[in-house]
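> Sequence first, then the predicted structure, then my questions.
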Amino acid sequence: MKSTLKILMNLANGKTATITVQNPRADITKTDIDAFVEAIVSTKALIVAGYPAVGLKKAYIQNVDDQEIVA
């Protein structure tokens, strides 16, 4: 099963941007996500079309199970 962490960030213009992390740690916590988001916002590390990230919209783990139909 493939696991992906999706972090949706609010931008200053009201739109959103998504940060995708492949194969995140199994023990990742809300505290880890909050610290990451705070670092992104405080350093303006994420700017999309001139608009910086201003906060977290939501974060979730997406699990995908590929099933081969034809080999």
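Thanks, I have the structure now.

> Enumerate the positions of stretch 29-36 that are buried.
33, 36 (16 or more other CB atoms under 10 Å). Yep, even glycine has a C-beta here, placed from its N, CA and C like the rest.

> And stretch 44-63, by the same measure?
For stretch 44-63, by 16+ other CB under 10 Å, it's 46, 52-54, 56, 59.

> which residues sit against it?
Contacts with stretch 44-63, where a contact means CB atoms under 8 Å, 6 or more residues apart in numbering, come from 1-13, 15-17, 19, 24, 28, 33-34, 37, 39-41.

> Now do the same contact list for P24.
Residues near P24 by CB under 8 Å, 6+ apart: 3-5, 61.

> The same query, at a cut-off of 10 Å, please.
Counting by CB atoms under 10 Å, 6 or more residues apart in numbering, P24 touches 3-7, 32-33, 61.

> between those, which is closest to E68?
S3 (18.6 Å; CB to CB).

> rewinding a little: and which of the buried residues of stretch 44-63 is nearest to D66?
Comparing these against D66 with CB to CB places A59 closest, at 23.3 Å.

> The host helix or strand of the closest one pairs with which strands, parallel or anti?
Using DSSP states H and E, A59 maps to strand 51-64. For strand 51-64, the pairing partners within the sheet under DSSP bridges are strand 2-11 (antiparallel), strand 47-48 (antiparallel).

> could you dump it to PDB, C-alpha only?
What follows is strand 51-64, C-alpha atoms only, in PDB (Å, rounded to 0.1, in the frame of the first residue of the first chain):
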ATOM      1  CA  TYR A  51       1.300  34.900  -2.400                       C
ATOM      2  CA  PRO A  52       2.800  33.300   0.700                       C
ATOM      3  CA  ALA A  53       1.300  30.500   2.700                       C
ATOM      4  CA  VAL A  54      -0.500  31.900   5.800                       C
ATOM      5  CA  GLY A  55      -1.700  28.700   7.600                       C
ATOM      6  CA  LEU A  56      -2.900  25.200   7.500                       C
ATOM      7  CA  LYS A  57      -6.200  24.200   5.900                       C
ATOM      8  CA  LYS A  58      -5.900  20.500   6.500                       C
ATOM      9  CA  ALA A  59      -3.500  17.600   6.500                       C
ATOM     10  CA  TYR A  60      -4.200  13.900   6.000                       C
ATOM     11  CA  ILE A  61      -2.600  10.600   5.100                       C
ATOM     12  CA  GLN A  62      -3.800   9.100   1.800                       C
ATOM     13  CA  ASN A  63      -3.400   5.300   1.500                       C
ATOM     14  CA  VAL A  64      -3.600   3.700  -2.000                       C
END
